[in-house]
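Colleague: Here is the input, now give the coordinates:
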Amino acid sequence: MLASALTYALGCFGVALVLNLIRLFTAPTVTDRILAVDTMTVNTIALLVLGGLKTGSALTYEAALLFALTGFISTVSFCKYLLRGSIIE
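Modeller: Numbers count the residues shown, from 1 in each chain. So this is what the prediction gives:
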């Protein structure tokens, strides 16, 4: 039962990732693109965690943590660049 639930969840997050990719290319403004990239980061983290649950590997949790930190920094950097035109003050 757990294996089928994990497979279903992996499929749902995979479809969500593809839909976010479509939104990334069809977004009308830059802020919508940044939001799409941030949502793709969240979906990728969910895929890594679910993959770790399915395989039983602890390495995927560390990869998810690193990906979360990188995604957060990139989102903050993009937003700061849009607001001020410079990342480093």
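
Colleague: Counting by contacts, list what the strand or helix carrying residue 73 packs against.
Modeller: Using DSSP states H and E, residue 73 maps to helix 59-84. The contact analysis (3 or more Cβ pairs under 8 Å, 6 or more residues apart in numbering; DSSP states H and E) places helix 59-84 against helix 30-55. C-beta: built from backbone N, CA, C; applies to glycine.

Colleague: Off-centre distance for the helix it packs on?
Modeller: 2 Å (Cα atoms, centre = their mean, to the nearest Å).

Colleague: Look at residue 89 and report its pLDDT.
Modeller: On pLDDT, residue 89 comes in at 68.

Colleague: whoops, I mixed them up, residue 80
Modeller: pLDDT, residue 80: 87.

Colleague: Surely it touches residue 73?
Modeller: No - Residue 80 lies out of contact with residue 73 (Cβ atoms under 8 Å); the separation is 10.4 Å.

Colleague: quick one: which of those two has more around it?
Modeller: More neighbours surround residue 80 than the other of residue 80 and residue 73, with 14 against 10 (other Cβ atoms under 10 Å).
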